[in-house]
Every structure is written in C-alpha cells, then in structure tokens.
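Asks: curious how this folds, go ahead:
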Amino acid sequence: MIELRREPLEPARLLDAVRAPGCGAEVLFLGTVRDHSTAGDARLRTLFLEYEAYEPMARRELEAIAAAVRERFGADVRVAMAHRLGRLDIGEASVAIAVAAPHRDEAYRASRYAIERLKHEVPIWKKEHFEGGEVWVEGPGRCGHGAADHDDEGGFSR
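Replies: Numbering: from 1, shown residues only. As a prediction, this is how the structure comes out:
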C-alpha cells in the first residue's frame, strides 16, 4: 500500500495492509508536525506546514523504496507507506510507515531504512510557516545523500 493523500492518515489501515501470519513483529513509524523548528541557534514557533509533491514520480519512488525494502530485508518483509499533502496543523501526522517482518530487528531496520530513503529521495517538499515568515525546508537530495550512502542499519554512512 502506497498513498499520497490530502486527508488525515489512517495508521490502522497501514498496519492491516502489512499484517501477515508469518510476521511476528509490526512497527509503525509516524512523523508528526511539531510546534517549532530551529534555524541555527534560533528556535522558531511553527504555525503550520504545507506539503507538495510531484505525485507521479513520488508514487514511483515510494514503490521503488518498498521493493528495495523487500530486496534488502527479505521477501517476507512487508511495507506500507503514506504521506500527507496540503496543509497540516501542529500534531497532525505527515508520514506513516508500517512494516511487518518475522522478527523485530528486521522490522525496525526496514522501517528506518524506508523513512531515510523517503526523506532523501521522494519528490515531496515541505513549506514551513512560522511567526515572521515561511520557508521551503526539505526535498529530495537536500542533504546530498543518495541510495548508495545507506549503511546496514538503514541510516547513512556519511
């Protein structure tokens, strides 16, 4: 299950999509809108966020990440991902990733791998509205990392 949606995310649907009799571990990651951000040493009060995406490419990239999860962590590892688009208020979930695997270690590692790849590769951009202004703060390639930079724990090797 891969979703880009303007309505609130439904984490239970993602978990239902990955649940399988051979999987003894389910991990759900939720990324939520927090009430602040930092710029250098300054702490800015966030009012709300807006997400935009190049949807056809974003879907393809999410599907590629799901395939990479299965290839890297095993064909019996299942993953579902959803990302919100449009305006999100403080406390709303912006991204959800559900992973089911036979064991907890691979479920945690697969979830971490999926979110790191999503954040760095999928063409979804975040505009942060804060007191005194607004700024685009993220997008694919922002940190200069590519898929080859992932280490075995699902993070980045640099």
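
Asks: which helix or strand in the protein has the lowest average pLDDT?
Replies: Across the helices and strands of the chain, mean pLDDT, DSSP states H and E gives its lowest value to strand 36-39, namely a mean of 80.

Asks: in what helix or strand does the residue positioned nearest the centre of the chain lie?
Replies: In the chain, the centroid-proximal residue (CA atoms, centre = their mean) is residue 115; its distance is 4.1 Å. For residue 115, the enclosing helix or strand under DSSP states H and E is helix 104-121.

Asks: quick one, phi/psi of the residue lying farthest from the centre of the chain?
Replies: Within the chain, the residue lying farthest from the chain centre (CA atoms, centre = their mean) is residue 132, at 27.8 Å. The phi and psi torsions at residue 132 (degrees, to the nearest 10) take the values phi 90, psi 0.

Asks: where does pLDDT dip in the protein?
Replies: Scanning the chain for pLDDT under 70 picks out 39-40, 138-158.

Asks: do that again at 80, thanks
Replies: Low-confidence segments of the chain, defined by pLDDT under 80: 38-42, 138-158.

Asks: in it, where's the longest strand?
Replies: What stands out as the longest strand in the chain, according to DSSP state E, is strand 42-53.

Asks: pull up the pairing partners for it, direction included.
Replies: Strand pairing for strand 42-53, determined by DSSP bridges: strand 36-39 (antiparallel), strand 86-89 (antiparallel), strand 124-130 (antiparallel).
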